[in-house]
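Student: Dropping a prediction and its sequence here:
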Amino acid sequence: MSSDEFINWLKRVPKAELHLHIDGSMQPKRMLSLAKKNGISLPYDSLDAVQAAYAFEDLQSFLDLYYLGASVLLEEDDFFHLMMDYLLKCREQNIVHAEIMIEPQTYAPNGVSFATMMSGFKRAIKQAHDQWGQSVILILSFLRHLSEQDALEMLEQATDFRDDLMAIGLASSELGNPPQKFSQLYQEAARLGFRLSAHAGEEGPADFIWQALKGLDVERIDHGVRCVDDPELVDFLCERQIPLTVCPLSNTKLRVFETMHQHTVLSLLDRGLCVTINSDDPAYFGGYLNENYIALHEHLGMNQAQALRLVENSFKASFLSPERKQAFIKQVHATE
Ligand code: HPA
Ligand SMILES: [Zn+2]
């Protein structure tokens, strides 16, 4: 198979995306038009000015602009459009199943209620499901730079939407905010029947991955790439087949790895870990899911056997039922 044929197959094959922050999918054009509509002033006067600002040094320098961008979201219709823009991208890129992180603590200080946000998101998800069968799971993601008490209050508000939210996650500034800060939150969420995931080992140390696994009892780790610093942890992740949702373009944009050439995701895959490929915040990091796969082919020489395992892992590592996972994996093999 030529490189062009391989890339065409990558684009065509049905895939799942498991690590996507909905606010990180807001394209500059949408952000500027919502800012204008809602009378929010942003320090950008053009699309070029937005693009010029997206040169990040680390996670925090990105998060500052990410929260600024999300401040334009106020009305139900804004949340509908944000979700619909991403779901249309899913259709275009053959992302047949998406597990999407939503972060209500970002909007609450602007007076946006949980119900307003959910109503817009749910309307888009229903439309995409009815029109082309899009499969979506929502993950309630908490902001770790805020207090555990703030998170517990948000979890309480989520009980009205318990059936719409499958899992919880933990995002934002990792350094200085270890997983153990949220042990009560995770205990409470487990009691309520949520599946558990958390960002760990993106900028933070391997020990944060241990804390998330042992202290919070999570079943899936977002990022997790710093596991390579602890061989015992790598063995543990491999033996238990604990999924890592890795985000290559995010990692190079935020300088977790200086170049794509240095990225370790294919070594971890070949070592037998259940790693998956994801876009994290595609509007900020220069590519959606397909561009992440293509970057691995172009910079790390990913072959079709490796890509096939990554795509299978994306379903295997999902929060879908075993039957639905199998049905999707069958569709993957039909494209070989
Ligand atoms: O990569 C990330 N890490 C932590 N928090 C985030 N919120 C959006 N993207 C990220
Ligand atoms: Zn993330």
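Tutor: Yes, it's here. Ligands and ions are numbered 1, 2, ... in the order given.

Student: switch to C-alpha atoms for all contacts and neighbour counts from now on
Tutor: Will do.

Student: Please work out which residues outside stretch 68-77 touch it.
Tutor: Under the criterion CA atoms under 8 Å, 6 or more residues apart in numbering, residues 23, 26, 31, 34-35, 38, 40, 42, 79, 106-107, 110-112, 116-117, 119-120 lie in contact with stretch 68-77.

Student: Which of the residues you listed are buried? Put it as a ChimeraX command.
Tutor: Entered in ChimeraX, the line below selects the buried ones among the contacts of stretch 68-77, by 16 or more other CA atoms under 10 Å:
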select :23,26,31,34,35,79,106,107,112,116,117,119,120
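
Student: out of the contacts of stretch 68-77, who's near ligand 1?
Tutor: When contact is defined as CA under 6 Å from any ligand atom, the contacts of stretch 68-77 do not meet ligand 1 at all.

Student: residues contacting whatever residue of the chain ends up closest to ligand 1?
Tutor: When scored by CA to the nearest ligand atom, the chain has S172 as its residue closest to ligand 1, at 3.3 Å. Taking CA under 8 Å, 6+ apart as the contact definition, S172 lies against 63, 143-145.

Student: Could you identify the buried members of these?
Tutor: 143-144.

Student: backbone phi and psi for A327, please?
Tutor: phi -60, psi -40 (degrees, to the nearest 10).

Student: and it, how many neighbours?
Tutor: Neighbours of A327 under the rule other CA atoms under 10 Å: 11.

Student: And the one 5 residues further on, by the same measure?
Tutor: Number of residues near V332 (other CA under 10 Å) recorded here: 18.

Student: Using the three-state scheme, assign it.
Tutor: What DSSP: H, G, I helix; E, B strand; the rest coil gives for V332 is helix.

Student: Give me the mean pLDDT for stretch 115-124.
Tutor: For stretch 115-124, mean pLDDT rounds to 98.

Student: can you list contacts of it?
Tutor: Residues from elsewhere that reach stretch 115-124 (CA under 8 Å, 6+ apart): 75-81, 83-84, 104.

Student: and the two most separated of those?
Tutor: By the measure CA to CA, M84 and P104 form the most distant pair in those, at 17.6 Å.

Student: returning to that earlier point: just the contacts of S172: which are in strands?
Tutor: L143 (DSSP state E).

Student: Redo the contacts of S172 as TSV? Include pLDDT.
Tutor: Below are the contacts of S172 laid out as TSV (pLDDT from 0 to 100):
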residue	pLDDT
L63	98
L143	98
R144	98
H145	98
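
Student: ok, R271 - contacts?
Tutor: Applying CA under 8 Å, 6+ apart, one finds that R271 lies in contact with C238.

Student: Let's see that with 10 Å instead.
Tutor: Counting by CA atoms under 10 Å, 6 or more residues apart in numbering, R271 touches 234-235, 238, 265.

Student: Buried only: go through those for me.
Tutor: Buried among these (16+ other CA under 10 Å): 234, 238, 265.

Student: can you redo those residues as a markdown table with distance to G272 and pLDDT?
Tutor: Shown next, in a markdown table, are the buried ones among the contacts of R271 (distance: CA to CA, whole Å; pLDDT from 0 to 100):
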| residue | distance to G272 | pLDDT |
| --- | --- | --- |
| V234 | 10 | 98 |
| C238 | 6 | 98 |
| V265 | 11 | 98 |
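
Student: Good, we can wrap up now.
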